[in-house]
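*Asks:* pasting a predicted model and its sequence here:
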Amino acid sequence: MPAPSLCASMLAAGLLVPALAAGQAREVWKSEDGSSALDVGAFDKSFGLAIRNQSGLVEGSGALRDLFDEVRLVAPDVEVPSIAALPEAGASVTNTSRVWGRLLWKNRVELSAGYEIDATAASDAALTGGRFLSGPVPAKGLETEGRRLVDFDHVLVDHGTFLLQHDLDLLAVKVILPKGEIVVGRQVLSWGTGMLWNPTDLLSPFAPGEVDREVRHGVDAVRFSMPLGKTSLLDLIYLPQQQGWAQGGVARVQANTRGFDVSVSAAKYVSDVVLGADTAGDIGPVGVHAEAAYTLGLANLAGPGPVEVEERFLRGVVGASWRPAESWTLGAEYYFNGFGAGSPGGYASKLSSDRYVHGEVFGAGRHYVGLSAVRQATPLLSLQMLLLTNLADPSALGIPVAQYWAAQKVLVRVGGYIPVGARPDPRLLKSLTVSDVLEGSPAFIAATTTLGLRSEYGASPWGAFAQVGVYF
């Protein structure tokens, strides 16, 4: 297998992830000859979030709700959507409990399983699920649509301001073969070299502003891995789906040449064909990385009519990381999002698209830069500042985070979200009349397709969060 580069190690250190010692499962049984073992781990985390929405979004959504209510009274035969006005401010608490384990038998067969349950209580239903408009402020969700063959209903209880979900996110059997290994079942499939954005990772990606990157939820797959040499590896993956046209798969080759890890891949994800490549290595004391994915969105796979390419877009990142001192890690990354809109007027449609909602694409615009600075103040205390910027608006979102480990098994995180940029303008929505709705006037179309957005991160809410995690 390719050897991990210094760049990869620095990128991992530059993101606030739990220490491996705490996140690993604990050995609870081992055979006398050491060929069989059982490891089990668990944690319980509570994440508290308080936000204040931008006044332009609050006023605009309220005006649209009132307008549609008036239309229902004047023209009850006309169908209009139900709109929930955004609250001026709100808070939520999510408690996540997870248990996972690994059983190794005779150094040949390995069974892995993981189960998670999440309970969220919020002051408003808008804070219990889904994504916040334009920002990566996390609202806990278990979005796996299109990525699993079979699944149960994740929602156990949904009372608007209280949501209880659960997920069997890992259940797989690995068999070690003489020349490789095969894994069957629900497993984590993730790759790419990006620090904040991973264009080639469509199965288990993290949002660029996610501060807790410990758990990736698994997908249903059959994976065969075989070394091609001392520093090269072949992955062949089948991604089953219930519909015949949606069957998918990935072929990926990794290698190491002249100190750089290099990977190329070709994949079909449901209705997309994706060609990807990534690389990472070191140039002197600086770690560098790059990653790109070209997507062909196919139409009519289920018929009728011939299969056509409905859309094409390229996404890519290039970045660097540097450790000027033992306690400091600095990182920078440019992200091009060919799926994004060229101006704020197109942001709303991108943010409501299936690709964005399903977590396949992050960002409504096209050009981004992410900057991170991490200081390891003590062995148990780290401080980070993350800055996500949309260059075209321009707008930015700052995410300061402090993380502390108490007694090695208790994690404490505190931080916030600081949006910078042009705020949403509600005047177009507030000026609409019943006649605009009934006639579908140009003013109505313009107002409802743009929602008054003038920048991406300028529409994000202000926020503060605190997280406490206990590992067992």
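*Replies:* Everything's here; your move.

*Asks:* next up, the contacts around the residue nearest to the spatial centre of the chain.
*Replies:* Nearest to the geometric centre of the chain sits Phe206, at 2.8 Å (Cα atoms, centre = their mean). Counting by Cβ atoms under 8 Å, 6 or more residues apart in numbering, Phe206 touches 198, 213, 216. (Each C-beta comes from the backbone N, C-alpha and C, glycine too.)

*Asks:* most neighbours, which of the residues you listed?
*Replies:* Ranked by neighbour count (other Cβ atoms under 10 Å), the contacts of Phe206 have Asn198 at the top, with 24 neighbours.

*Asks:* quick one, what contacts Ile117?
*Replies:* Ile117 touches 96-98, 164-167, counting by Cβ under 8 Å, 6+ apart.

*Asks:* hmm, I was thinking of Ser455
*Replies:* Counting by Cβ under 8 Å, 6+ apart, Ser455 has contacts 344, 390, 393-395, 421-423.

*Asks:* ok, now Thr448?
*Replies:* 64, 429.

*Asks:* secondary structure element for it?
*Replies:* Element membership for Thr448, per DSSP states H and E: helix 442-450.

*Asks:* hey, C-alpha coordinates of that helix in CSV?
*Replies:* Extracted C-alpha coordinates of helix 442-450, given in CSV (Å, rounded to 0.1, in the frame of the first residue of the first chain):
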residue,chain,number,x,y,z
PRO,A,442,-41.6,38.4,-13.2
ALA,A,443,-41.4,40.0,-9.7
PHE,A,444,-42.7,36.9,-8.0
ILE,A,445,-40.3,34.6,-10.0
ALA,A,446,-37.3,36.9,-9.3
ALA,A,447,-38.1,37.1,-5.6
THR,A,448,-38.7,33.4,-4.9
THR,A,449,-35.8,32.2,-7.0
THR,A,450,-33.2,34.4,-5.3
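
*Asks:* how distant is that helix from the center of its chain?
*Replies:* Centroid separation between helix 442-450 and its chain, computed with Cα atoms, centre = their mean, to the nearest Å, is 30 Å.

*Asks:* cool, and stretch 227-245?
*Replies:* Using Cα atoms, centre = their mean, the offset of stretch 227-245 from its chain centre is 22 Å.

*Asks:* likewise for stretch 59-77?
*Replies:* The gap between where stretch 59-77 is centred and where its chain is centred comes out at 34 Å by Cα atoms, centre = their mean.

*Asks:* what residues of that stretch count as buried?
*Replies:* For stretch 59-77, burial by neighbour count (16 or more other Cβ atoms under 10 Å) applies to 59-65, 67-68, 71.

*Asks:* now the lengthiest helix in the chain against helix 442-450, angle please.
*Replies:* Counting residues, the longest helix in the chain under DSSP state H turns out to be helix 55-74. Interaxial angle of helix 55-74 relative to helix 442-450 (axes from the mean of the first three to the mean of the last three Cα atoms, to 10 degrees): 130 degrees.

*Asks:* quick check: angle from the following helix or strand past helix 55-74 to helix 55-74?
*Replies:* The first helix or strand that comes after helix 55-74 along the chain, using DSSP H and E, is strand 89-105. Here the directions of strand 89-105 and helix 55-74 differ by 100 degrees (the same axes, to 10 degrees).

*Asks:* next, the buried residues of strand 89-105.
*Replies:* In strand 89-105, counting by 16+ other Cβ under 10 Å, buried: 90-104.

*Asks:* following it, which helix or strand comes up?
*Replies:* Scanning onward from strand 89-105 (DSSP H and E), the first element met is strand 109-122.

*Asks:* mind giving me the packing neighbours of the very next helix or strand once past that next one?
*Replies:* Sequence order places strand 155-158 as the next helix or strand after strand 109-122, per DSSP H and E. Contacts defined by 3 or more Cβ pairs under 8 Å, 6 or more residues apart in numbering; DSSP states H and E place strand 155-158 against strand 162-177.

*Asks:* average pLDDT for the strand it packs on?
*Replies:* The average pLDDT within strand 162-177 is 96.

*Asks:* neighbouring strands of it in the sheet, and parallel or not?
*Replies:* strand 109-122 (antiparallel), strand 155-158 (antiparallel), strand 180-187 (antiparallel) (DSSP bridges).

*Asks:* of all the ones you listed, which lies closest to Val412?
*Replies:* strand 109-122 (19.6 Å; Cβ to Cβ).

*Asks:* pretty sure Gln243 contacts Leu149?
*Replies:* No - using Cβ atoms under 8 Å, Gln243 makes no contact with Leu149, being 10.5 Å away.

*Asks:* quick one on the thing from earlier: format the contacts of Ile117 as a markdown table; extra columns: distance to Asp436.
*Replies:* Below are the contacts of Ile117 laid out as a markdown table (distance: Cβ to Cβ, whole Å):
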| residue | distance to Asp436 |
| --- | --- |
| Thr96 | 44 |
| Ser97 | 49 |
| Arg98 | 49 |
| Leu164 | 41 |
| Gln165 | 39 |
| His166 | 44 |
| Asp167 | 43 |
